[in-house]
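1. just need the structure, nothing else, for what follows:
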Amino acid sequence: MRRPGPTALFIYALGITVLAFAARNIYQGLVVGVPNAVVGIALGYRRARWVVALFFIGLIGIFIDALLFSNTGSPLLTTPIVVVRLGALESFAAVSLRLAAIMGGTLVFVSLVSPRELIDALESELRLPKEVAFSIAVGVRMLRVLERDAREVQFTRLQRGLRRYPVTPGDLRSFLYPLLSLGVERARWIGIAAELRGFALRRSMRRTPRVGLPEALAYAALATEAMLVALLS
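-> Presented below is the predicted three-dimensional model:
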């Protein structure tokens, strides 16, 4: 069976993001977060493994934030440094599941859709302005390029005797600054190249979105999750 079309996958990823923000309790978060995170990681680990790594690193910050701002209720774990209470655990689970859903939906979309297919579907089927479609497609394409740039920055840091991964604020600055500089420079030349190839004069073709069994399954999965979120509210 063929994979769903770009339009169906785009609507699915967008719908999962909306459901993630609509989820207000842990049960709703489990319905949206767990299946999408499992499927997304299984499909997108090879192409965007750094996204998965950043998600798990971000869980540390989420837990610290929960301890600082939501550590209320009955105590669950007492240590010499801090007492972990029920409110902190509930807040950590809710935010983590929300991020897991968004990450999973994004990985499913990025893994199954190429930038060229995305531009074509956004312009021709969803009728978005070509400037918006082009910007979204470039952003998706840049995920792989950003991963390659990050590896090069890590290698350069090792050659200079620095840590491979940023730990302190100074490390973070020295790691992010080259990435941002490369991104800005690359975006400038992408825009120049697009205009030199006549992007402003190109006209978009219009067509009806393709609907078959794969698209119906994607829409059915989204509708099922939306129904469960509504029932568990």
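
2. got a pLDDT number for the residue of the chain most remote from its centre?
-> The centre of the chain is farthest from one residue, Pro80, which by CA atoms, centre = their mean lies 36.9 Å away. With respect to pLDDT, Pro80 scores 83.

3. before we move on, what SS does it have?
-> coil (DSSP: H, G, I helix; E, B strand; the rest coil).

4. equivalent analysis for Arg47, please.
-> Classified using three-state DSSP, Arg47 is coil.

5. what sits against the residue nearest to it when sequence neighbours are not counted?
-> Once flanking residues are discounted, Arg47 sits nearest to Ser111: 5.8 Å by CB to CB, 6 or more residues apart in numbering. Backbone N, C-alpha and C define where each C-beta goes, glycine included. By CB atoms under 8 Å, 6 or more residues apart in numbering, the contact set of Ser111 is Gly40, Leu43, Gly44, Arg47, Ala48.

6. could I get these as TSV with distance to Phe63, pLDDT and neighbour count?
-> Converted to TSV, the contacts of Ser111 look like this (distance: CB to CB, whole Å; pLDDT from 0 to 100; neighbours: other CB atoms under 10 Å):
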residue	distance to Phe63	pLDDT	neighbour count
Gly40	21	90	28
Leu43	27	87	17
Gly44	24	82	22
Arg47	28	75	14
Ala48	23	75	23
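
7. reformat those residues as JSON lines; add distance to Arg160.
-> Formatted as JSON lines, the contacts of Ser111 follow (distance: CB to CB, whole Å):
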{"residue": "Gly40", "distance to Arg160": "35"}
{"residue": "Leu43", "distance to Arg160": "36"}
{"residue": "Gly44", "distance to Arg160": "32"}
{"residue": "Arg47", "distance to Arg160": "29"}
{"residue": "Ala48", "distance to Arg160": "27"}
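
8. looking at the residues you listed, which one is closest to Ala221?
-> Compare each of the contacts of Ser111 with Ala221 using CB to CB and the shortest gap goes to Gly40, at 12.8 Å.

9. against Val108, how distant is the closest one?
-> Computed with CB to CB, to the nearest Å, the distance linking Gly40 and Val108 is 5 Å.

10. now Val95
-> Taken as CB to CB, the span from Val95 to Val108 is 21 Å.

11. quick check, distance from the longest helix along the chain to the centre of its chain.
-> Assignment by DSSP state H gives helix 130-159 as the longest helix of the chain. With CA atoms, centre = their mean, to the nearest Å as the basis, helix 130-159 stands 14 Å off its chain's centre.

12. check stretch 190-207 too.
-> Counting by CA atoms, centre = their mean, stretch 190-207 is centred 27 Å from the centre of its parent chain.

13. please apply the same query to stretch 207-214.
-> Distance, centroid of stretch 207-214 to centroid of chain: 25 Å (CA atoms, centre = their mean).

14. what would that stretch look like as CSV? C-alpha coordinates only.
-> Extracted in CSV, the C-alpha atoms of stretch 207-214 (Å, rounded to 0.1, in the frame of the first residue of the first chain):
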residue,chain,number,x,y,z
ARG,A,207,-5.9,20.4,-8.5
THR,A,208,-8.2,18.4,-6.2
PRO,A,209,-6.5,16.6,-3.3
ARG,A,210,-6.1,12.9,-3.8
VAL,A,211,-8.2,10.8,-1.5
GLY,A,212,-7.7,7.0,-1.3
LEU,A,213,-7.4,4.3,1.3
PRO,A,214,-4.1,5.7,2.8
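
15. quick one: the strands in the protein, in order.
-> Remark: strands assigned in the chain by DSSP state E are 75-78, 83-85.

16. buried deepest among these, which one?
-> Ranked by mean neighbour count under mean count of other CB atoms under 10 Å, those are led by strand 83-85, which reaches a mean of 16.
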